[in-house]
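>>> sequence first, then the predicted structure, then my questions.
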Amino acid sequence: MRERGAVAPVVLPGDVPGALVLGHDALREFLAHPDVAKDARHFTALAEGRIPPGWPLRTFATVRGMTTADGEDHRRLRSLVSRAFTVRRVEALRPRVERIVDELLDGVAGQAAAGDVVELRARFALPLPMRVICELFGVDEEFRDRLHHLSSQVVSTGTTPQEALAANQEMVRVLAQVAAVRAEKPGDDLTSALIAAREEGGDRLGQEELIGTLILFVVAGHETTLNLITNAVRALCGHRDQLALVRADDATWADVVEETLRWDSPVSYFPFRYPTRDLTVDGTVIPRGTPVLAGYSGAGRDPAAHGPDADRFDVTRPGRGRHLSLGHGAHYCLGAPLARMEATVALERLFSRFPDLDLAVPDAELPAHAGFVGNSVRRLPVRPGPEARER
C-alpha cells in the first residue's frame with residue numbers, strides 16, 4: 001500500500017470510509033498538523049448519525065479523555081497525569097519493576113524445571129505491565145483479570161456490535177467501581193490524585209473524564225507494552241545474531257526496544273484523527289471530517305526514512321529511535337518512558353536468566369491478533385531452556 005502512496009483510502013468496519021497515512025514523512029507531518037483534530041465532533045459521519053452505537057471503533061472516537069481532546073482541553077487533561085510519567089518518576093519505579101520481573105521469572109523457572117513449554121505472553125509479558133499500571137493507578141487485584149479481558153475486547157476490531165457495546169459498558173462500570181473505592185479510601189496512587197485534582201480555576205475532573213482517563217491508561221498502559229515485549233522476544237528468537245550482538249555489548253537492550261518499536265510496532269493502525277478542512281498530504285486530498293488511521297507499522301518500515309533494508313531487524317541501525325510508533329506532536333505517548341523502561345528491564349532479565357530461550361513453534365505458526373489496531377500474536381509458547389548458572 002505504501003508503495004502506491006503515503007496516503008491510502010480505506011474501508012473501516014461497518015463500511016465506514018476512512019483514510020490511512022502510512023508513509024513516515026507524511027505521517028510525521030499529519031500527526032503534528034494544526035488542521036488535524038482528535039475531538040470526535042469533527043468526525044462527519046458520527047456527527048451526522050451514521051455511526052451505530054455498537055460500532056467496534058466507537059470507543060476510540062468517543063471516550064472522554066486526552067486522546068480525544070484538543071488544544072487547551074487536551075493540555076488540561078494531560079497536565080493532571082504528566083508528572084507521574086516523567087523520566088525521574090519512572091526511574092524511581094525501576095526497583096519495583098525489577099522485583100515484579102524477578103517474581104514472574106521465578107514462575108517461568110518453575111514451569112521450565114518441569115520440562116513444560118511456557119506460555120510467555122500470559123505468564124510474563126502480560127502480568128508485568130498490568131501489575132505496574134494497576135499499582136500506579138490504585139486498581140485493586142480483584143479487578144485486574146476482568147479489566148484485561150475487557151480491554152482486549154475494546155481494542156479488537158473484530159467484535160460484533162453487541163459485544164463491543166457490552167464490553168464498553170462493562171469497562172465503564174468496572175472502572176467506576178475502581179474510582180468509587182479510591183474515593184472512599186484514597187491512597188498514594190494516580191486515581192486518588194485525579195479524584196482530588198482541581199485546576200487553578202476550580203474545575204474538578206468530571207466523572208466522564210476520570211473514567212475516560214482510566215480507560216486510556218489501563219488499556220494503553222498494558223496492551224501496548226504487552227505487545228512490545230512479546231514482539232521483541234519473537235524478534236530476538238528469530239534473529240539470534242542480533243541477540244548475540246547485545247550479549248557481546250555491541251548493542252544495548254534499549255537498542256532492542258527501539259528497533260522492535262520501529263520494525264514490529266505494538267500498534268499498527270491507531271484511530272482516529274480528523275482533518276478540520278480538506279487537507280492535502282503528500283499530494284493526496286483527505287476530505288474534512290474523514291476518520292484517519294495513523295499507520296505506524298507502515299511508517300516503521302518505510303525505506304524512504306529507514307533505508308533500503310527497512311524490512312530487516314537490526315539493533316545496530318543508525319538513528320535509533322527515529323520512528324513514530326509512540327506518536328509525534330502534542331499527543332506523543334505520555335507513557336513512553338514507562339513502556340521503554342519496563343520492556344528494557346523485562347528483556348534483559350529474561351534473556352540473562354534463560355540464555356537459550358527459544359520459541360516452541362515456528363514464528364509463522366503463532367496466531368496473530370485478528371484486529372488491526374494492536375499488532376502482536378495471541379500466544380507466545382517458548383522453551384526457556386536451563387537457567388544461567390549465575391543470576
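Received the coordinates, thanks. As the structure is a prediction and not an experimental result, all values here were calculated from the model.

>>> the closest residue to residue 324 other than its chain neighbours: neighbour count?
Once flanking residues are discounted, residue 324 sits nearest to residue 299: 5.1 Å by CB to CB, 6 or more residues apart in numbering. (C-beta placed from N, C-alpha, C; glycine too.) For residue 299, the neighbour count with other CB atoms under 10 Å is 28.

>>> return the residues in contact with the residue nearest the centre of the chain.
Centroid-nearest residue in the chain: residue 224, 2.5 Å away (criterion: CA atoms, centre = their mean). Shown in contact with residue 224 (CB atoms under 8 Å, 6 or more residues apart in numbering): 266-267, 335, 339, 374.

>>> and residue 330, by the same measure?
32, 74.

>>> need the three-state assignment for it.
helix (DSSP: H, G, I helix; E, B strand; the rest coil).

>>> how much space between it and residue 16?
26 Å (CB to CB, to the nearest Å).

>>> now residue 342
Counting by CB to CB, the gap from residue 342 to residue 16 is 34 Å.

>>> between these two, which is the more surrounded one?
Using other CB under 10 Å as the criterion, residue 342 and residue 16 rank with residue 342 on top: 28 against 18.

>>> how about the strands in this structure?
7-12, 16-21, 36-37, 118-119, 269-275, 279-281, 284-286, 292-295, 358-359, 381-383 (DSSP state E).

>>> low-confidence regions, the stretch 51-200 of the chain specifically.
Where the stretch 51-200 of the chain drops to pLDDT under 70, the residues are 155-156, 197-200.

>>> so residue 287 touches residue 280, yeah?
No: counting by CB atoms under 8 Å, residue 287 does not reach residue 280; the two are 10.7 Å apart.

>>> please say which of these two ends up with more neighbours.
residue 287 (13 against 10).

>>> so what's that one closest to, chain neighbours aside?
According to CB to CB, 6+ apart, the nearest residue to residue 287 is residue 278 (5.5 Å).

>>> return the backbone torsion pair for the closest residue to residue 6 other than its chain neighbours.
Computed as CB to CB, 6+ apart, the closest residue to residue 6 that is not its neighbour in sequence is residue 23, at 2.7 Å. Dihedral angles of residue 23 (phi, psi; degrees, to the nearest 10) stand at phi -90, psi 140.

>>> what is the neighbour count of residue 23?
24.

>>> would you agree it is in contact with residue 3?
No: Residue 23 is not in contact with residue 3 according to CB under 8 Å; the separation is 9.8 Å.

>>> please state the offset of stretch 263-283 from the chain centre?
In terms of CA atoms, centre = their mean, to the nearest Å, the centre of stretch 263-283 is found 16 Å from the chain centre.

>>> tell me where the model's unsure across the stretch 251-391 of the chain.
Looking at the stretch 251-391 of the chain by pLDDT under 70, you get 389-391.

>>> that older thread, residue contacts, the residue nearest to residue 287?
Residue 278 touches 285-288, counting by CB under 8 Å, 6+ apart.
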